[in-house]
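Novice: Sequence plus the predicted model coming up.
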Amino acid sequence: MYQKIGLKMATSYSPNFNLPKRVKNRIKFIIIHYTGMKKESAAIKRLQDPKSKVSSHYLIKNNGGIINLVPDLYEAWHAGVSSWKHFTSLNKNSIGIEITNPGHQYGYRNFSSKQILSLKKLLYFLIKKYRIKKNCVLGHSDISPSRKKDPGEKFPWEMLAKKKLVFWHNLNQKKIKKFRHDNLLANIEEKVFLKNLHKIGYNDIKGFKFRKNLKYLTLAFQRRYRQSLVNGKIDKECLLISNNLL
């Protein structure tokens, strides 16, 4: 099947995974990350260093090359403290894909066309092999909104949705843009927005009692579904998008 879709990869295994093997149908999610380090070589070294206690199943390099670091049926250490719907500790039920990018701390940049081409092929392969639903291909910030920003607002979710690989809304972005900025929500509408996010899968809501934490949740939603303005403010555009996603 690799050859059929033009998927090529190297193998360089990391010792950072859990035993025993998982059964195939336990894999429900794909989680996408960026490496968040200045140098690609340092990121690869860290993912293979037993002392780091982190890993992923795959790494997509700057040049589009794919490294398989942990076999799919073993639990890699990529998600950390995480939750989505009724799932917690998503390492147990997911495949992690790291993409080389310095991230927000070191000069966040667009992902290269070679990286995205390789990602599309890898996603197609994994989704088909494990029968993963497109609304179960998530970013690290979706499952850990108070801790993580990756893969960030420059990640091409909308383009991948057009290839039917991920989940996205079907609203006209130019038309709904007028509902942002000054159209902040009343308390009752804000509660509807948060309930919508809970139904979509963001399930940290019970812990988001304080305004600071609500902002983290909103930022995660915007990095995924309203990437042209990531400000942490819950406005009517955010509400419309959340309604549409449901």
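Specialist: Nice, I can see it.
Novice: Show me this structure divided up by domain.
Specialist: The record's domain parsing of the chain by automatic domain parsing lists 3-162, 173-245.
Novice: Need the ones you listed in TSV (columns: mean pLDDT and mean neighbour count).
Specialist: Quick note: C-beta positions are derived from backbone N, CA and C, even for glycine. Below are these laid out as TSV (pLDDT from 0 to 100; neighbours: other CB atoms under 10 Å):
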stretch	mean pLDDT	mean neighbour count
domain 3-162	96	18
domain 173-245	87	16
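Novice: Show me the longest helix that occurs in this structure.
Specialist: Longest helix of the chain, by residue count under DSSP state H: helix 113-130.
Novice: moving C-terminal of that one, what's the next helix or strand?
Specialist: strand 137-139 (DSSP states H and E).
Novice: continuing past that next one, what's the next helix or strand?
Specialist: Using DSSP H and E, the helix or strand that follows strand 137-139 towards the C-terminus is helix 140-143.
Novice: got the contact list for Leu117?
Specialist: By CB atoms under 8 Å, 6 or more residues apart in numbering, the contact set of Leu117 is Gly64.
Novice: how close does it get to Asp182?
Specialist: According to CB to CB, to the nearest Å, Leu117 and Asp182 sit 40 Å apart.
Novice: one step back: any idea how far the longest helix of the chain is from the middle of the chain?
Specialist: Centroid displacement of helix 113-130 relative to its chain, using CA atoms, centre = their mean, to the nearest Å, is 14 Å.
Novice: likewise stretch 90-99?
Specialist: Here stretch 90-99 shows a centroid-to-chain-centroid distance of 9 Å under the convention CA atoms, centre = their mean.
Novice: any residues touching it, and which ones?
Specialist: 18, 22, 26-35, 43, 47, 55-60, 72, 75-80, 82-84, 87, 111, 115, 119, 122, 126, 130, 143, 151.
Novice: Among these, name the ones in strands.
Specialist: Judged by DSSP state E, strands contain the following of the contacts of stretch 90-99: 18, 29-34, 58-60, 75-76, 83-84, 87.
Novice: and the two most separated of these?
Specialist: Ile60 and Ser83 (25.3 Å; CB to CB).
Novice: Glu158 and Trp168 touch, don't they?
Specialist: Yes. Using CB atoms under 8 Å, Glu158 makes contact with Trp168 at a distance of 5.5 Å.
Novice: Bridged to the residue nearest to the spatial centre of the chain, which residues?
Specialist: When CA atoms, centre = their mean is applied to the chain, the residue found nearest the centroid is Gly139 (0.8 Å). Following DSSP bridges, Gly139 is listed with bridge partners Ile32.
Novice: Contacts only, for it.
Specialist: Residues counted as contacts of Gly139 (CB under 8 Å, 6+ apart) are Ile31, Ile32, His33, Asp150, Pro151, Gly152, Phe155, Trp157, Ala220, Arg223, Arg224.
Novice: phi, psi of Lys177?
Specialist: In terms of degrees, to the nearest 10, the main-chain angles of Lys177 are phi -60, psi -30.
Novice: Is it in contact with Cys238, as I believe?
Specialist: No. In this structure, Lys177 is not within contact of Cys238 by CB under 8 Å, at 11.9 Å.
Novice: Helices of this protein, residue ranges please.
Specialist: Counting by DSSP H, the helices of the chain are 40-47, 113-130, 140-143, 157-162, 173-176, 187-200, 211-225, 236-245.
Novice: In CSV: these, plus distance to Tyr13.
Specialist: As requested, the helices of the chain are exported to CSV (distance: least, CB to CB, whole Å):
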stretch, distance to Tyr13
helix 40-47, 10
helix 113-130, 17
helix 140-143, 22
helix 157-162, 28
helix 173-176, 42
helix 187-200, 35
helix 211-225, 31
helix 236-245, 37
